[in-house]
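> quick one: sequence plus predicted model below, questions after.
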Amino acid sequence: MLQQKNVLLFDLDGTLVNSAPDLALAVNRTLKDLGKKTFDGDTIHHWVGNGAKVLISRALSGSADIDPKLDQSLINDALAIFLAHYEQCLCVESVLYPGVKEGLVSLKSAGFRLAIITNKPAVFIQPILEGLEVDNLFELLIGGDTLPQRKPDPAQLNYALAELNVTAEQCWMIGDSKNDILAAKAANIASVGLTYGYNYGESIANYHPELCFDTFAQLTESLLAK
Ligand SMILES: O=C(O)COP(=O)(O)O
Ligand SMILES: [Mg+2]
């Protein structure tokens, strides 16, 4: 059953790239510029997953639950400052998770078509892939601002199906967050949960992806298995 699917839709942050340290660096530089309290990396890590605006709104709220009284103009100013800082530190501490580069290369050589669907702003995808030397493997890059909707909405996944001219049955959506699994289910795409990334401190298995792996090497091995 696994080998009948030949399209792999990958989430980026927490799935291919451990990007939380650089996101935390940019968040804290932003908070410092605004004269606000900064946070440790572990706290910020739990706020990653819904794109840049939600991340900075959580940081301004000091909580995963965004303060409904937050001023919209403060959010917009903080977002602009954050984006400028993040652009300067995309690959300072960010690394591919173990087994990702070898896994992607062998999956592509085995005939799988690869795409990225992330909630991260699209402008950062290519520079990060270049910085980590995996930029020539993907056919399609979809960011959190490519469409008005973001995961867990299925719109980015449905858009990918149309762009790649494939059916939902041909694809796996592979991610670390409930947003990936919920979007996949809403698009009728089978999903794989990876347990090492960012899921707000919760087990990804709670969202019932079809498959679950603890390492990228295990994922690669399963997909390549006859
Ligand atoms: O940057 C984010 O908020 C999440 O990005 P992801 O969708 O690649 O996990
Ligand atoms: Mg992710």
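Received the coordinates, thanks. Numbering: from 1, shown residues only. Ligands and ions are numbered 1, 2, ... in the order given.
> centre of the chain to stretch 198-211, how far?
14 Å (C-alpha atoms, centre = their mean, to the nearest Å).
> span of that stretch from start to end?
This stretch, stretch 198-211, spans 17 Å end to end (C-alpha to C-alpha, to the nearest Å).
> element containing the residue of the chain most remote from its centre?
The centre of the chain is farthest from one residue, G35, which by C-alpha atoms, centre = their mean lies 29.0 Å away. Under the criterion of DSSP states H and E, G35 resides outside all helices and strands.
> now do it against F82, distance only.
15 Å (C-beta to C-beta, to the nearest Å). Any C-beta I mention is one placed from the backbone N, CA and C, and that applies to glycine too.
> got it, and T15?
22 Å.
> between these two, which one's more packed in?
Counted by other C-beta atoms under 10 Å, T15 and F82 do not tie: T15 has more neighbours, with 26 against 23.
> dihedrals phi and psi, that one?
Note on T15: backbone dihedrals following degrees, to the nearest 10 are phi -110, psi -60.
> residues contacting it?
97, 174-176, 180, 194, 197 (C-beta atoms under 8 Å, 6 or more residues apart in numbering).
> leaving out chain neighbours, which residue sits closest to the residue of the chain found nearest ligand 2?
Distances between the chain and ligand 2 by C-beta to the ion are smallest at G14, namely 3.6 Å. Distances taken as C-beta to C-beta, 6 or more residues apart in numbering place G197 nearest to G14, at 2.7 Å, with adjacent residues excluded.
> cool, and G131?
That would be C91: by C-beta to C-beta, 6+ apart, it lies 3.5 Å from G131.
> quick check: the one you found touching E133?
No - counting by C-beta atoms under 8 Å, C91 does not reach E133; the two are 10.2 Å apart.
> looking at those two, which is more packed in?
Using other C-beta under 10 Å as the criterion, C91 and E133 rank with C91 on top: 15 against 10.
> quick check on N28: phi, psi?
Torsion angles, degrees, to the nearest 10, at N28: phi -70, psi -30.
> just confirm L8 contacts F112, I think it does.
Yes - when contacts are counted by C-beta under 8 Å, L8 is listed as touching F112 (5.2 Å).
> next, show the common contact partners of those two.
Common neighbours of L8 and F112 (C-beta under 8 Å, 6+ apart) are L223.
> could I get the buried residue list for the longest helix along the chain?
For the chain, the helix reaching the highest residue count under DSSP state H is reported as helix 72-88. With burial defined by 16 or more other C-beta atoms under 10 Å, the residues of helix 72-88 counted as buried are 75, 78-79, 81-83, 85-86.
> again, but for stretch 124-141
124-125, 128-129, 132, 134, 137-138, 140-141.
> what of stretch 105-113?
Going by neighbour count (16+ other C-beta under 10 Å), the buried part of stretch 105-113 is 107-108, 112-113.
> nearest to T215 among the residues you listed?
The shortest approach to T215 among the buried residues of stretch 105-113 belongs to L107, at 14.5 Å (C-beta to C-beta).
> hmm, A225 and the closest one touching each other?
No - at 11.9 Å, L107 does not count as touching A225 under the criterion of C-beta under 8 Å.
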